[in-house]
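Visitor: this one's sequence-less:
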């Protein structure tokens, strides 16, 4: 399945529809210049929080992101946190869409939602960046690296985000959290997950750091200018928190370790011919920008295994919602069915690179 299948918008499915008139009344009273009537479409991408394009008769466009309907796992689908961090970051060096309004009154459209500006630009679903020149590809990758460094070096206390997460002991807390989420959404036994659930908490590398982390920093969660390799916005901040920067960075760099999936990866790709840096070159650029010493190999491989485990947990959560009939995306079942495959890849890397 090519990532392009997630691109663009589609008519709103029946189960995702809401009271558009109530929405217009609510936003007209709270967002300057907002007025109906609206044309509402749903973005194809996004497994977790349904996201909609609102087009007003006067030509204005907005994006609405809401919690899904139904019973939700604790702390999941935190659109209120997305609103808070993008409001703090807007205009402070990390490109984000302008957040306009948060509504926690579920009587309006049935769930909590927030409204943001619509950022028009390029979305890349294939990290091989077909159609671009080698120089353009290199510049896009350098920009992704630069923006993540900007996030990791932001002064979160000055931005009012000192309480956005608990500092310290990040890996232990996240492994415990995702283990609990996995158990809550488990639909079948997966041997590799059982091994990871035991191995990860026993092999956390020493040392600790705390920065802002995005939690899902992928090329398809970025919007670039149409005429230059400049990032206009990072989107989908649901998993953002205060955390360890290497957890965030290694998640992003997993792109080099995987092949075809929901979107293609870079494993087995002739990177030099495309102008895309190798994993080692990309990691070195990050370390240089952050004035960090080279990353210890065993710690780096732990981070990779941890992130594959986390993705397996997320996919298992999607599968649970598929079975309950509340999954947002029409591609949700295929994503959910990949939970086992992802867990097995994670454990295989532990065995091959770290000796189990």
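Guide: Looks like it came in fine. The model shown is predicted, which means the values in this text are computed figures rather than measured ones.
Visitor: CA atoms for contacts and neighbours, from now on please.
Guide: Will do.
Visitor: remind me which helix or strand residue 65 belongs to.
Guide: strand 61-66 (DSSP states H and E).
Visitor: quick one, helices of the stretch 201-350 of the chain?
Guide: Secondary structure of the stretch 201-350 of the chain (DSSP state H, counting those that start in this stretch): helices at 245-253, 271-274, 279-289, 297-324, 332-337, 339-354.
Visitor: next, the buried residues of the second one.
Guide: Neighbour counts using 16 or more other C-alpha atoms under 10 Å place 271, 274 of helix 271-274 among the buried residues.
Visitor: give me the residues contacting it.
Guide: If you take C-alpha atoms under 8 Å, 6 or more residues apart in numbering as the criterion, helix 271-274 is touched by 128, 133, 134, 137, 277, 278.
Visitor: got a markdown table for those, with pLDDT, neighbour count and distance to residue 239 too?
Guide: Converted to a markdown table, the contacts of helix 271-274 look like this (pLDDT from 0 to 100; neighbours: other C-alpha atoms under 10 Å; distance: C-alpha to C-alpha, whole Å):
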| residue | pLDDT | neighbour count | distance to residue 239 |
| --- | --- | --- | --- |
| 128 | 96 | 18 | 25 |
| 133 | 98 | 12 | 33 |
| 134 | 98 | 17 | 32 |
| 137 | 98 | 21 | 27 |
| 277 | 98 | 17 | 27 |
| 278 | 98 | 14 | 27 |
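Visitor: from the residues you listed, which is closest to residue 259?
Guide: residue 128 (11.2 Å; C-alpha to C-alpha).
Visitor: for the chain, name the helix or strand with the lowest mean pLDDT.
Guide: Lowest on mean pLDDT, DSSP states H and E among the helices and strands of the chain sits helix 332-337, with a mean of 76.
Visitor: which helices and strands sit right next to that helix?
Guide: Secondary-structure packing of helix 332-337 (3 or more C-alpha pairs under 8 Å, 6 or more residues apart in numbering; DSSP states H and E): helix 297-324.
Visitor: give me the angle between the helix it packs on and helix 245-253.
Guide: 70 degrees (axes from the mean of the first three to the mean of the last three C-alpha atoms, to 10 degrees).
Visitor: for helix 297-324, buried residues please.
Guide: Buried, per 16+ other C-alpha under 10 Å, within helix 297-324: 299-322.
Visitor: how about the residue sitting nearest the centre point of the chain: what's its closest non-neighbour residue?
Guide: Nearest to the mean C-alpha position of the chain, by C-alpha atoms, centre = their mean, lies residue 216 at 2.6 Å. Leaving aside its sequence neighbours, residue 216 sits nearest to residue 239 (C-alpha to C-alpha, 6 or more residues apart in numbering; 6.7 Å).
Visitor: hang on, isn't the one you found packed against residue 215?
Guide: Yes - the pair residue 239 and residue 215 passes the contact test of C-alpha atoms under 8 Å, sitting 4.9 Å apart.
Visitor: who has more neighbours, those two?
Guide: Remark: of residue 239 and residue 215, residue 215 carries more neighbours, 21 against 17, as counted by other C-alpha atoms under 10 Å.
Visitor: and stretch 54-63, what's buried?
Guide: 54, 55, 56, 61, 62, 63.
Visitor: same check on stretch 85-92?
Guide: Applying 16+ other C-alpha under 10 Å to stretch 85-92 flags 85, 86, 87, 88, 89 as buried.
Visitor: so how far is residue 156 from the fourth one?
Guide: Note on residue 88: its distance to residue 156, by C-alpha to C-alpha, to the nearest Å, is 9 Å.
Visitor: swap in the third one?
Guide: Taking C-alpha to C-alpha as the criterion, residue 87 is separated from residue 156 by 13 Å.
Visitor: next one: the second one
Guide: Applying C-alpha to C-alpha, the value for residue 86 to residue 156 is 12 Å.
Visitor: sketch out the low-pLDDT regions of the protein for me.
Guide: For the chain, applying pLDDT under 70 flags the ranges 1-7, 45-47, 70-77, 260-263, 327-330, 356.
Visitor: where do the strands sit along the protein?
Guide: Ranges of strands within the chain are 9-11, 38-43, 51-56, 61-66, 99-103, 113-117, 211-213, 222-224, 231-234, 241-243, based on DSSP state E.
Visitor: and residue 269, which of those strands is closest to it?
Guide: strand 222-224 (21.8 Å).
Visitor: give me the residues contacting that closest one.
Guide: With C-alpha under 8 Å, 6+ apart, strand 222-224 has contacts from 119, 120, 121, 122, 123, 124, 230, 231, 232, 233, 234, 235.
Visitor: quick one: contacts for the residue nearest to the last one when sequence neighbours are not counted?
Guide: With C-alpha to C-alpha, 6+ apart as the measure, residue 221 is the residue that lies nearest to residue 235, at 5.2 Å, once sequence neighbours are left out. When contacts are counted by C-alpha under 8 Å, 6+ apart, residue 221 is found next to 123, 234, 235, 236.
Visitor: now the residue nearest to residue 22 when sequence neighbours are not counted: how far from residue 49?
Guide: In space, residue 22 comes closest to residue 108 once its chain neighbours are excluded; the distance is 5.9 Å by C-alpha to C-alpha, 6+ apart. From residue 108 across to residue 49, the span is 17 Å (C-alpha to C-alpha).
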